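> Let me see the structure of the following:
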Amino acid sequence: MTSSAVLKFIGHELTRRGPLSPALVKHEEERAASLQSRIADVITGFAGSMSFVYVHMVWFAFWVLLPVEKYPFGLLTMIVSLEAIFLSTFVMISQNRADARRQVFADNQYEMIQEEKKQNLELIEQGKRIEQLTQSVLDLTKDLQATLGKR
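Down below sits the predicted model:
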């Protein structure tokens, strides 16, 4: 799957937050390669939408208003209970996905921080060498002035 296809697929969720980390794009590409992950993403995307609510409102209204079964709606209760079991599983899948995404981002941030720390230490060492060179130049200047002053 190409990066643009992945971004189109996940765009509703991630791109609204601003620029994407290359590590997150890579993670989403790997995730999009799995059919199971794509199916879970589609289901959780739909289950978390207002369309899901509207479909259920219409479904329940038809079930109650049309004589599908008599009150207390035992079959409807069983169907809704099974749906709740599956939806809770998809919620956990979605949470695991979000946790994995956060972990990828945190790992990437940690690597960046370690690289910055290394660069900062190198800059400190450079600063110390520049300070030593400056001190050497100052000492040589003083010696030169002292030598010229004696003449």
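
> Now the phi/psi pair for Glu28, please.
When read as degrees, to the nearest 10, the backbone of Glu28 gives phi -70, psi -30.

> wait, I meant Leu133
phi -60, psi -40.

> try Lys70
phi -90, psi 160.

> count of neighbours near it?
7 (other CB atoms under 10 Å). The C-beta positions use only the backbone N, C-alpha and C, and glycine is treated the same way.

> For it, give its distance to Thr44.
According to CB to CB, to the nearest Å, Lys70 stands 34 Å off from Thr44.

> tell me which element the residue nearest in space to the middle of the chain falls in.
Closest to where the C-alpha atoms of the chain average out (CA atoms, centre = their mean) is Arg101, at 4.2 Å. Using DSSP states H and E, Arg101 maps to helix 74-150.

> Might one say that Phe52 is in contact with Gly45?
No. Phe52 is beyond contact range of Gly45, at 9.5 Å (criterion: CB atoms under 8 Å).

> which of these two has more neighbours?
Legend: neighbour count by other CB under 10 Å for Phe52 and Gly45, higher for Gly45 (17 against 14).

> Now do the more buried one, the pLDDT please.
Looking at Gly45, its pLDDT is 82.
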